[in-house]
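Enquirer: The sequence and its predicted three-dimensional model are supplied below.
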Amino acid sequence: MKIDIHTHILPKEWPNLKEKYGYGGWINLDHHNTGCARMMKDKHFFREVESNCWDPDVRMNECDDHGVDVQVLSTVPVMFNYWAKPDDAMEVSKMLNNHIASIVAEFPKRFIGLCTIPLQEPEKAIMELQRCIHELGMVGAQIGSNINGVNLSDESLFAFFEAAADLGAAIFIHPWDIMGKEEMEKYWLPWLVGMPAETSRAICSMIFGGVFERLPNLRVAFAHGGGSFPSTAGRIQQGYDVRPDLCAVDNQVDPRNYLGKFWVDSLVHDADALEFLIKKLGLDKISLGTDYPFPLGELKPGKLIESMDYNIEQKDKLFFQNALDWLGLSANHFL
């Protein structure tokens with residue numbers, strides 16, 4: 001069995017939100033050819049997507065080709081819309097979440113849903129998370145690595161994490177609103193350098209801010225193998241040791257104590273990196289994740305794990321058991 005915890009999906013048809021709300025900044029879909037669409041932010045090109053970004057039949061066929069049994073569906077991070085007016089972001093979140101829930105309801109053995117929520121207003125975010133869990137049958141939420149520049153350690157966000165823990169919701173944290181993006185646009189550096197740094201920013205914020213300490217039952221997974229955090233964990237610990245006046249102001253527990261307390265996906269594109277990740281975080285905390293259907297993801301899902309000299313039990317953990325633990329599900333859910 002293979003469960004891919006990191007995949008993105010959009011509705012095929014999407015309204016003109018600039019016309020609807022009276023201001024710009026929203027994503028539009030321009031279906032310029034059969035099976036192809038341009039994601040446009042106002043008049044600016046963002047990304048080309050194909051039918052596997054919206055058509056569940058295409059997705060299932062491609063999953064079958066690669067032996068993937070289940071995809072965890074989440075929106076494309078550019079759709080977080082944390083910058084928008086809270087009421088508008090709430091309405092858009094509901095549209096996205098209803099769409100994902102409808103696909104999961106139609107194909108419950110092939111897909112699991114994560115919602116998106118308007119975290120610029122945490123009370124609304126909690127309401128939508130509750131609706132998605134209780135009414136739509138979703139299992140958690142995907143959120144960004146910061147909320148309009150506010151770190152995930154900020155006290156204003158703690159009530160959301162507390163609600164997620166109380167609901168038993170799985171949280172997937174994906175880098176977005178990348179710090180320094182404007183200064184490094186050339187060479188695709190926001191994606192290659194900025195995203196790994198953003199993920200480390202999120203992990204460090206939750207460690208130093210005491211989120212993991214205060215909510216030990218909160219189940220959190222981070223995209224892209226935890227970004228640059230695993231390889232800089234020693235530096236982070238050293239900073240805590242030598243400058244507790246800066247690093248230990250909100251949580252007096254060693255950062256190293258949280259290694260193995262959260263999950264990451266396996267998307268590191270390198271055998272040595274995967275070996276290091278397992279050594280650093282533990283075999284039980286890495287789950288297959290591909291960033292499907294985007295080109296910076298693992299284009300043949302599971303290829304890296306399959307290439308490793310692991311036994312069946314180890315590969316089963318990486319391919320599905322760790323994912324089930326993070327999602328709070330059993331394999332019987334898909335039988």
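Expert: Cool, got the structure.

Enquirer: Would you state the strands of the stretch 201-335 of the chain in chain order?
Expert: 219-222, 263-265, 286-287 (DSSP state E, counting those that start in this stretch).

Enquirer: most tightly surrounded among the ones you listed?
Expert: Mean neighbour count (mean count of other Cβ atoms under 10 Å) peaks for strand 263-265 among the strands of the stretch 201-335 of the chain, with a mean of 28. Yep, even glycine has a C-beta here, placed from its N, CA and C like the rest.

Enquirer: Could you measure from the nearest residue to W191 once chain neighbours are set aside over to P175?
Expert: Spatially, and ignoring its direct neighbours in sequence, W191 is nearest to L296 (6.2 Å; Cβ to Cβ, 6 or more residues apart in numbering). Using Cβ to Cβ, to the nearest Å, L296 is found at 12 Å from P175.

Enquirer: Neighbour count for these two, which is higher?
Expert: A direct count of neighbours by other Cβ atoms under 10 Å for L296 and P175 places P175 higher, at 25 against 13.

Enquirer: Nearest residue to that one in space, please, no chain neighbours.
Expert: Per Cβ to Cβ, 6+ apart, closest to P175 is E198, 3.5 Å.

Enquirer: how far away is the one you found from H174?
Expert: Counting by Cβ to Cβ, the gap from E198 to H174 is 9 Å.

Enquirer: State whether H6 is indeed within a strand.
Expert: Yes - secondary structure assignment places H6 in a strand (DSSP: H, G, I helix; E, B strand; the rest coil).

Enquirer: isn't it right up against G289?
Expert: Yes - counting by Cβ atoms under 8 Å, H6 does reach G289; the two are 3.2 Å apart.

Enquirer: Give the residues shared as contacts by the two.
Expert: Taking Cβ atoms under 8 Å, 6 or more residues apart in numbering as the criterion, H6 and G289 both touch 223, 265, 267.

Enquirer: Closest to E106 out of these?
Expert: D265 (25.3 Å; Cβ to Cβ).

Enquirer: My guess is the closest one contacts K285. True?
Expert: No - with contact defined as Cβ under 8 Å, D265 does not reach K285; the gap is 10.3 Å.

Enquirer: just to revisit the earlier point, measure the residue nearest to P175 to A273 for me?
Expert: Distance from E198 to A273, by Cβ to Cβ: 18 Å.

Enquirer: higher neighbour count, those two?
Expert: Shown here are E198 and A273; by other Cβ under 10 Å, E198 has more neighbours (27 against 16).

Enquirer: ok, now which ones touch that one?
Expert: 145-146, 175-179, 227.

Enquirer: Chain neighbours aside, what residue packs nearest to P118?
Expert: Leaving aside its chain neighbours, P118 sits nearest to A89 (3.8 Å; criterion: Cβ to Cβ, 6+ apart).

Enquirer: actually K12, not the one I typed
Expert: Nearest to K12 is W54, by Cβ to Cβ, 6+ apart, at 4.1 Å.

Enquirer: in a helix, that's where F46 is, yeah?
Expert: No - read with three-state DSSP, F46 is strand and lies in no helix.

Enquirer: quick one, phi psi at the closest residue to it other than its chain neighbours?
Expert: Of all residues not flanking F46 in the chain, M39 sits nearest, at 4.4 Å (Cβ to Cβ, 6+ apart). Dihedral angles of M39 (phi, psi; degrees, to the nearest 10) stand at phi -80, psi 120.

Enquirer: residues near M39, how many?
Expert: With other Cβ under 10 Å as criterion, M39 counts 20.

Enquirer: hmm, back to that, quick check, pLDDT for the residue nearest to W191.
Expert: Confidence at L296, expressed as pLDDT, is 96.

Enquirer: how about the helices in the stretch 51-200 of the chain?
Expert: Ranges of helices within the stretch 51-200 of the chain are 56-66, 86-106, 122-134, 155-167, 189, 195-208, based on DSSP state H, counting those that start in this stretch.

Enquirer: can you tell me the average pLDDT over the second one?
Expert: If I follow you right, that is helix 86-106. 98.

Enquirer: Same check on the fifth one?
Expert: Per-residue confidence for helix 189 averages out to 96 on the pLDDT scale.

Enquirer: hang on, A273 packs against G225?
Expert: Yes - when contacts are counted by Cβ under 8 Å, A273 is listed as touching G225 (6.8 Å).
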